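Student: below is the structure, and that's it, no one-letter string:
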């Protein structure tokens, strides 16, 4: 996911995406703990995507205030 794609989303879409990414992160951690994780790089990708979404949400919140 690119930052430009995230910037085009509305705040509601960003909150939904954040929830979706956090669920995926939980599932990946669970798979990792049980030894069933195939794509280990996905853990880092999801973590960076979560960070991206949170950053953009923060930027949008500062613009509106």
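Tutor: That came in fine, so what should we check first? Since this is a predicted model, take the numbers as computed values, not measurements. Residues are numbered from 1 along each chain as shown.

Student: just the helices in this protein please.
Tutor: 3-7, 11-34, 41-64 (DSSP state H).

Student: flag whichever of those has the least confidence on average.
Tutor: Set side by side, the helices of the chain differ in mean pLDDT, and helix 3-7 is lowest with a mean of 90.

Student: okay, buried residues for that one please.
Tutor: residue 6 (16 or more other CB atoms under 10 Å). Using the backbone N, CA and C atoms, a C-beta is placed for each residue, glycine as well.

Student: what residues are up against the residue nearest in space to the middle of the chain?
Tutor: Taking CA atoms, centre = their mean as the criterion, residue 50 is the residue nearest the geometric centre of the chain, at 2.7 Å. By CB atoms under 8 Å, 6 or more residues apart in numbering, the residues touching residue 50 are 18, 21, 22, 25.

Student: buried ones only from those, please, as a ChimeraX command.
Tutor: Restricted to buried positions by 16+ other CB under 10 Å, the ChimeraX selection for the contacts of residue 50 reads:
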select :18,21,25
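
Student: of the contacts of residue 50, which is the nearest to residue 9?
Tutor: residue 18 (10.4 Å; CB to CB).

Student: in contact with that closest one, which residues?
Tutor: Here residue 18 is in contact with 50, 53, 54, 57 (criterion: CB under 8 Å, 6+ apart).

Student: and the residues you listed, which are buried?
Tutor: 50, 53, 57.

Student: so how far is residue 50 from the nearest residue to residue 40 once chain neighbours are set aside?
Tutor: Nearest residue to residue 40, sequence neighbours excluded (CB to CB, 6 or more residues apart in numbering): residue 32, at 7.6 Å. Residue 32 is 16 Å from residue 50, where distance means CB to CB, to the nearest Å.
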